[in-house]
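1. Following is a predicted model, sequence given first.
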Amino acid sequence: MLPPFTPDTIHDITRTESGLNPYAIAEIVPVKGGRSRVISHLPSSKDEALKIVEAIKQKKHRYSVGLMQITSTNFPQFGVSAESMFNPCDNMTVAAKIITDCYQRGGTLQRALSCYYSGNFETGQRPESAFGNTSYVQRIGYVVPSTRAEQQTASPSSGEAPAVPSDNTVYPDSVIRGVIPAPDTTPTSIAAYPPHVVRGGLAVSSD
């Protein structure tokens, strides 16, 4: 049973995963309580990407790489490395295997997309406040069997004009793999600085 993916669906997944950057890296940083936060790295070359990966490995953090953000814990299963996953073709090949397995176990495209995102069938369908209360599946622009075709085509038997979907899709500027950290609620102060350069200490008037 193969997932009913179309090229535009794959494109939307890739755009959501990596911003179409073949060298994108998501560093998964553990935090207290068993959660994690993600640091996005968007290098512009393979050499730069490999240096970032080496630094992440020194910290013993997990990470995901490439167009479809293959996670480092999956490398042994598929016999790949971070370097090979910066090759778009190799990256997409592994991604296809993962998402096909998710679809075969989950039974629906929505569940498969959630599984690909989070490793389970529910998390990717839940709204996330960090992304305008949209879910991962919504951010992809999910519609069966294609993320776009059904938005543009009305049922021939209904005689109704196609509905124009509201554009609520949220595409972040960086990789969004892993658990989304809670927004920082630490109060901040606003400081006003003069238009000229101020170096060193400022004299405080006693008046």
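-> Ah, there it is. All of these numbers come straight from a predicted model, not from anything done at the bench.

2. State the mean pLDDT of stretch 103-122.
-> Stretch 103-122 comes out with an average pLDDT of 92.

3. where does this structure have low pLDDT?
-> 1-4, 142-207 (pLDDT under 70).

4. Which stretches in it count as helices?
-> 7-18, 46-58, 75-78, 82-85, 88-106, 109-118, 136-140, 149-152 (DSSP state H).

5. ok, and for the second one, which residues are buried?
-> If you call a residue buried by 16 or more other C-beta atoms under 10 Å, then helix 46-58 has these buried ones: 49-50, 52-53, 56. For every residue, glycine as well, the C-beta is placed using N, CA and C.

6. helices or strands up against that helix?
-> On a contact count with 3 or more C-beta pairs under 8 Å, 6 or more residues apart in numbering; DSSP states H and E, helix 46-58 meets strand 25-30, strand 62-65, helix 82-85.

7. Mean neighbour count, those: which tops it?
-> Mean neighbour count (mean count of other C-beta atoms under 10 Å) peaks for strand 62-65 among the helices and strands packed on helix 46-58, with a mean of 24.

8. quick one: strands adjacent to that one?
-> Strand partners for strand 62-65, identified by DSSP bridges, are recorded as strand 25-30 (antiparallel), strand 70-71 (antiparallel).

9. related to what we said a few turns ago, let me have the helices of the chain in a markdown table, adding distance to Pro30 as columns.
-> Below are the helices of the chain laid out as a markdown table (distance: least, C-beta to C-beta, whole Å):
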| stretch | distance to Pro30 |
| --- | --- |
| helix 7-18 | 21 |
| helix 46-58 | 13 |
| helix 75-78 | 19 |
| helix 82-85 | 19 |
| helix 88-106 | 22 |
| helix 109-118 | 16 |
| helix 136-140 | 21 |
| helix 149-152 | 39 |
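
10. Could you say which one of the helices and strands packed on helix 46-58 comes nearest to Gly132?
-> When these are compared by C-beta to C-beta, strand 25-30 sits nearest Gly132, at 19.8 Å.

11. tell me the angle of the closest one relative to helix 46-58?
-> Strand 25-30 and helix 46-58 are oriented at 10 degrees to each other (axes from the mean of the first three to the mean of the last three C-alpha atoms, to 10 degrees).

12. Appreciated, that's everything.
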